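I would like to see how this sequence folds:
(2 chains)
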Amino acid sequence: MGELTMLMLSTRGLESRNLSGSSARMVMRVSEQHDRPKGLRAREAFLITDSNLPEGFGLYMAFAKDATALGGLPSQAKTMILPDELSYLADGDVLRLWTKNNEVRVLYRRNSFHNHFLLTERCNHYCLMCSQPPKNIDDGWIADDVLAAIPLIDPSAQEIGFTGGEPTLLGDDFFRILRTMKSYLPRTAVHILSNGRLFSSPEFAKRYADIRHFDAMIGIPVYSDVSTIHDYVVQSDGAFDETIRGILNLKHYGQKIEIRVVVHRQTYARLPQLAEFLARNLTFVDQIAFMGLEITGFTRANLESLWIDPVDYQQELYRAVSFLADSRMNVSIYNHQLCVLDERLWPFARKSISDWKNEYMPECLGCREKENCGGFFTSAKIRYSDHIRPFSFE
Amino acid sequence: VSKFQPLSAYQKSLVDGYQLLPFRFTALDGREYVLTNQAGEFIVMERSTLEALVRHRLPATNQFYDDLKSKHFIIDHDSSVAMDLLPLKVRTKLGRLADFTGLHLFVVSLRCEHSCPYCQVSRQSDNKLAFDMSVETAEKALALVFRSPSRGIKIEFQGGEPLLNFSLIRYIVERAEAWNLAERRDLQFVIATNLAVITDEILEFSRDHDILISTSLDGPADLHNANRPRPGNDSYERAIAGISRVRDAVGRDRVSALMTTTKLSLGRVREIIDEYVLQGFRSIFLRPMSPYGFAVKTKWFKAYDVDEWLEFYFAGLNYILELNRSGYSFTEFYAATILAKMLTPFEPGFVDLRSPAGIGIAAIVYNYAGDVYASDESRMLAEMGDKTFRIGNVHRDRYEDIMTSDALLGPIEESFAASVPMCSDCAFEPFCGADPVFHHATQGDVVGRKPISAFCTRNMAIFRRLITLMRDDDDVRRIFVRWANSRC
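Below you'll find the model as predicted:
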C-alpha cells in the first residue's frame, strides 16, 4: 500500500542459451503443464518451477532462484533465465521474444481482464495528451506477431483490446487481424481504440462491417462539439469532420461505438455543450465515457496547459453526465477517484484502469471506499488532485 | 519551437466569416430573442447579438459563436460536417410520418350513463341501442385497421361509455389478436372508460389481454362530481374504486387518467394535482376543453377564455415543478410532449400537436354506425351536424379511397404548418402542430387566422414559458430534460 509499482510487461531475459539459431522473433504460449501433449511442446515455452523437467518444449524458462534446474536439461535445449518482475507469468500466457537481445514482451495474460495489443505506433493524430506518442516508423512486423499470437490465446478469453497508434492505419492487416480474431476466438469480445477518421470512407466502414464480428466495439474520441477545439487537441486540421463522418458511416452499417472524452484544461469548459451535441447528433452511439487524464507520454510535456484538478471541473462534468443519463444514453466516468467526484456522479464511475498500471496513493490508506474506487494510473504520482482523502470507517 | 501548434493555428479559417443555415427567430420576452432551427434546437440571446449574427458581424470570439456552430445555426470554413448532421436530424424528426396510422379508435357505443354538461362527444342516453356498433361494422373496421402499414397498432375503445357494449370489445380484441397471429404487429388495446360500470369479468379480460385502461379524473370529489353528474352523484367514488380495482387486477401502471378543465376547475389547480398525487399517478395532462358537442351547447366551452386557461395551466406547472424540486417526480404531459420536441432528437408523435396534422395518417376513428372520421374531434363535430371530416364508410369504401379522399388530404395539405401564413415564419413552428379540425370548428377554415386562434395563443404562450423557465433555472432545465425523455 502506498508504494507505486507498475507491472512490467516488457523486459529483458537475464541469460539465454541456444537461441542464436532461432528466428529473430518468437511468439510462444507459456506452459506449466508437465503432461502437455507432446505434439504441442515444440511451439511452447515451459516455465520451470521444480526439478521435474518434461522433454520436448521449444523453450525452457526459469527465474533466477530456480535456474539451477536448467542444468538438468539436454545440452541442446533452448533456455532463458527471466527477471523476477515477470514472476506473475502463468500457464496460458503468450510471450514475444527477440532472440538477439533476449527481449521479452508479455502479449497476453490469461488471468487478466485487461489484455491489449498495440497494433502500430504510427498515428494520424498528434494529441496533446497522447499516452503513447506516435512514431513515424515501419512497424508492420507487429501485425505479424499479433496474427501469430491470436491462435495461442485461450478461447474463453472475455475481451481483447486493440490500440495504437491508430490501428486502422494498418489497412489490410487491420481487417486481417479482426478476421483472425473471429476465426480463432469466436466468443471473445473485441474493443478497438481508433480515432475513426478512416471510416469517413464508406468503403472502409463497409469492409469493417463485413467482418460481421459478433461483439466488436470501436472506442472513438470526440473532444469537443466545436471543430477548432477538437482539431487543436488532436493537432490535426480537419480531424473533427472526418471523425464525425466516420461515426456516421459506422452506424450506417450498424456497428457498435463508444465515444471517449478525455477531460483536461482544454476540454472541460464545453463538456455540457459536448453532451448536448452527442445526444442530439450521435444519439445512436452505444456508450460514452468521460476519462481522467493519464500523466504519461505527451501529457508530461504539455502538463501545464492540460492539468486541471478534477475538483475544479465537477460542475461541468455533472452537467454533461446528468444530461446524457437523463437523455437515456449509456454514460460512464473512467479514471477518476471517488473522493474528487461529485457524489451524484458516483453511480457512473467505473474501475477502469488496467490492472498493470493501477495504484493508490498514500492518502488512500484506510479509505473505506478503496474497493469501489478506480484509483490512479501509476503515472499519476507526477501530478494528482490536491483533494485526495480517505473516507473513514465510521 | 514546440512541436505542438497553438489553438489559434486551427482557427485561421475563421477569419473568412460564416454562412447562416436556415433558422427562425422571435422575441422571447422584453429582453431576449429565441432562435430555432428545423431540427428543433434553440438558442436564446439578446437582440444586439442576433443583429450582429444576421449581419455577418458576429466575431468568432463571441461567446455564442461556438454554440451557434455546434447547434448548426451557422457554418464556417473550418468544418462542413453540419451538412451531414443537420439533414439527418430533420429526417429523424420526420421519421414517424413513415409509420403512418398507428392509433385506431373504435366508437363502440355512443351511449353513456353519465350526463356531463361538457360532454364533447354528444353522448346518447343509456337505453338507445341504435347507437351501438354492430359486429358487422367492427369486422369491416378491423379489416381497415390491418391495412395500415404501421408496425405498432393501438386500438382504443371510445364512447360514450364503451363498457356499455363490452361484448363487442371482447369480440374485437379476440378477432384482432387472431388476425395478428399472421400480421405480427405490435398490437395494443386501450379502453377509455369512466370506470363506473366496470365488472370483475371486464377486469379479468383486461388482465388476460393486457388492455390499458384510460379514465377520467377531474380533481377532488366535489369538483369531479359537479363536472360529471350521473345517477347517484357518485362518479368520483366509482372512478377511485375503479382505479384501485384495475391496479389490483391488471397492474399498477395499467391505468391512466385524463382531466378536463372547466370553469369550476379554475383556481383549484393545486387541489387537482394533489388529487392525482394522492391517487398514485406520476403525471397529469392539464387539458383545456374543446369546442365540440354539449360543451358548446351548454356554453361550458365559452365559460373561460384562453388567457384564463393559461393562468390555470401555468399555476399548475409551477406547482408541479415545486413537487419535482422537492424530489417527487411528477410530469405534466403536455409540457413533456413539447419538451421532447425541444430537447430530444425525436418527435413524440402526439396526434394533436404535429405537422402535418395527425388526422387520418396518425389516428383514425371508426364510428358506431360505420362512418370513418379523420380524428376523434371530427366525429364530435359530426354529432353536431358537420360531417366535413367524414372520410369514408367501412361498408362502402375501400382503404385506398378513404386514405386518398379529398376530405382527408385537402385539410392535411392546406394546414401544413411549414407553409401556412404566419406559421411558416414562426420560430415555434418546429415545436407546434396543425389542427385543421379545431380551426374549421372555430373559424370555418382549416387554416384559420392565427392572431384570433386560441390554439395559436395557447401554444405560443406555453412555448415561451417553457423556454423562459429553462433559461432562468438550471434545476428546471434538468427536470425538463427528464420529462422530455419520458415521452420518447
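
The stretch 151-300 of chain A: helices as residue ranges?
Remark: helices assigned in the stretch 151-300 of chain A by DSSP state H, counting those that start in this stretch are A:172-184, A:202-210, A:227-234, A:239-252, A:271-281, A:298-301.

check contacts around A:Glu85.
A:Glu85 sits next to A:8, A:11 when contact means Cβ atoms under 8 Å, 6 or more residues apart in numbering or on different chains. To be clear about C-beta, it is placed using only N, CA and C from the backbone, and glycine gets the same treatment.

Check the secondary structure at it for me.
helix (DSSP: H, G, I helix; E, B strand; the rest coil).

In the chain, where is pLDDT below threshold?
No chain was given, so I picked chain A. Along chain A, the model assigns pLDDT under 70 to residues A:1-7, A:394.

actually it's chain B I care about, not the one you picked
B:1, B:488.

Distance to chain B added to the helices of the stretch 151-300 of chain A, as CSV?
Listed next are the helices of the stretch 151-300 of chain A as CSV, based on distance: least, Cβ to the nearest Cβ, whole Å:
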stretch, distance to chain B
helix A:172-184, 24
helix A:202-210, 12
helix A:227-234, 4
helix A:239-252, 4
helix A:271-281, 5
helix A:298-301, 8
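
Switch the ones you listed over to CSV; also include mean neighbour count.
Conversion of the helices of the stretch 151-300 of chain A to CSV gives the following (neighbours: other Cβ atoms under 10 Å in any protein chain shown):
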stretch, mean neighbour count
helix A:172-184, 17
helix A:202-210, 17
helix A:227-234, 24
helix A:239-252, 23
helix A:271-281, 23
helix A:298-301, 18
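
Across the sheet, point out what pairs with A:Met217.
Taking DSSP bridges as the rule, A:Met217 bridges to A:His191, A:Lys256.

Against A:Lys256, how distant is it?
4 Å (Cβ to Cβ, to the nearest Å).

which neighbours do the two share?
A:Asp286.

Which residues of the stretch 151-300 of chain B lie near chain A?
Counting by Cβ under 8 Å from any Cβ of the partner chain, no residue of the stretch 151-300 of chain B lies close to chain A.

Please give the number of neighbouring residues around residue 17.
As the question left the chain open, I've gone with chain A. 15 (other Cβ atoms under 10 Å in any protein chain shown).

that's the wrong chain, I wanted chain B
Counted with other Cβ under 10 Å, the neighbours of B:Gly17 add up to 14.

where does the nearest residue to it once chain neighbours are set aside land in three-state SS?
Leaving aside its sequence neighbours, B:Gly17 sits nearest to B:His56 (Cβ to Cβ, 6 or more residues apart in numbering or on different chains; 5.8 Å). Classification of B:His56 using three-state DSSP returns coil.

out of the helices of the stretch 151-300 of chain A, nearest to B:Ser167?
If you check each of the helices of the stretch 151-300 of chain A against B:Ser167 by Cβ to Cβ, helix A:271-281 wins as the nearest, at 48.4 Å.

export the closest one as PDB, just CAs?
The C-alpha trace of helix A:271-281 is given here as PDB (Å, rounded to 0.1, in the frame of the first residue of the first chain):
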ATOM      1  CA  LEU A 271     -18.400  19.300 -21.600                       C
ATOM      2  CA  PRO A 272     -22.100  20.300 -21.200                       C
ATOM      3  CA  GLN A 273     -22.300  21.500 -24.800                       C
ATOM      4  CA  LEU A 274     -20.500  18.400 -26.000                       C
ATOM      5  CA  ALA A 275     -23.000  16.300 -24.100                       C
ATOM      6  CA  GLU A 276     -25.900  18.100 -25.900                       C
ATOM      7  CA  PHE A 277     -24.100  17.700 -29.200                       C
ATOM      8  CA  LEU A 278     -23.700  14.000 -28.700                       C
ATOM      9  CA  ALA A 279     -27.300  13.400 -27.500                       C
ATOM     10  CA  ARG A 280     -28.700  15.400 -30.400                       C
ATOM     11  CA  ASN A 281     -26.400  14.300 -33.300                       C
END
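
Please enumerate residues in contact with it?
With contacts defined as Cβ under 8 Å, 6+ apart, helix A:271-281 is touched by A:222-226, A:244, A:259, A:261, A:263, A:267, A:285, A:288, A:290, A:313, A:316-317, A:319-321, A:323-324, A:327, A:329, B:39, B:41, B:66-67, B:70-71, B:85, B:88-89, B:344-345.

change it to 7 Å
A:224-225, A:259, A:261, A:263, A:288, A:316-317, A:319-320, A:323-324, A:327, A:329, B:41, B:67, B:70, B:85, B:89, B:345 (Cβ atoms under 7 Å, 6 or more residues apart in numbering or on different chains).

How about stretch A:241-259?
Here stretch A:241-259 has contacts from A:195-200, A:202, A:205-206, A:208-209, A:216-220, A:222, A:227, A:278, A:282, A:284-289, B:79-81, B:84, using Cβ under 7 Å, 6+ apart.

Any of those residues buried? List them.
A:195-200, A:205, A:208-209, A:216-220, A:222, A:227, A:278, A:282, A:285, A:287-289, B:79, B:81 (16 or more other Cβ atoms under 10 Å in any protein chain shown).

Contacts only, for the residue nearest in space to the middle of chain A.
Centroid-nearest residue in chain A: A:His116, 4.4 Å away (criterion: Cα atoms, centre = their mean). By Cβ under 7 Å, 6+ apart, A:His116 lies in contact with A:161-163.

Spell out which residues of the stretch 101-250 of chain A are next to chain B.
Neighbours of chain B within the stretch 101-250 of chain A, by Cβ under 7 Å from any Cβ of the partner chain: A:128, A:225-228, A:231-232, A:235, A:237, A:240-241, A:244-245, A:248.

Excluding chain neighbours, give the residue nearest to A:Arg110 in space.
Nearest to A:Arg110 is A:Gly92, by Cβ to Cβ, 6+ apart, at 3.6 Å.

who in the stretch 1-150 of chain B is up against chain A?
B:4-5, B:7, B:10-11, B:41, B:66-67, B:69-70, B:78-81, B:84-85, B:89.

State the phi and psi torsions of A:Ser379.
phi -70, psi -10 (degrees, to the nearest 10).

And for it, the neighbour number?
Per other Cβ under 10 Å, the neighbour tally for A:Ser379 reads 20.

for the closest residue to it other than its chain neighbours, phi and psi?
Spatial nearest neighbour of A:Ser379, excluding adjacent residues (Cβ to Cβ, 6+ apart): A:Thr296 at 4.1 Å. Reported as degrees, to the nearest 10, the phi and psi values for A:Thr296 are phi -150, psi 170.

Would you check the distance separating stretch B:425-436 from the middle of the chain?
Distance of stretch B:425-436 from the chain centroid (Cα atoms, centre = their mean, to the nearest Å) equals 13 Å.

now swap in stretch B:319-334 and tell me
With Cα atoms, centre = their mean, you get 19 Å for stretch B:319-334.

Other residues contacting that stretch?
B:269-270, B:273, B:277, B:282-286, B:316-317, B:475-476, B:479, B:483, B:486.

if we can go back for a sec, can you tell me which of the contacts of A:His116 lies nearest to B:Lys154?
A:Gly161 (44.9 Å).

hey, what's the closest one bridged with?
Going by DSSP bridges, A:Gly161 forms beta bridges with A:His116, A:His191.

Buried residues, the helix or strand where B:Arg175 lies. List them.
Using DSSP states H and E, the element containing B:Arg175 is helix B:166-183. Neighbour-count burial for helix B:166-183, counted by 16+ other Cβ under 10 Å, picks out B:166, B:168-169, B:171-173, B:176, B:179.

Residues contacting that helix, please?
By Cβ under 7 Å, 6+ apart, helix B:166-183 touches B:106, B:108, B:133, B:135, B:138, B:142, B:146, B:155, B:157, B:162, B:187, B:189, B:191, B:202, B:205, B:209.

and with 6 Å instead?
Contact with helix B:166-183 is made by B:108, B:133, B:138, B:142, B:146, B:157, B:187, B:189, B:202, B:209, as judged by Cβ atoms under 6 Å, 6 or more residues apart in numbering or on different chains.
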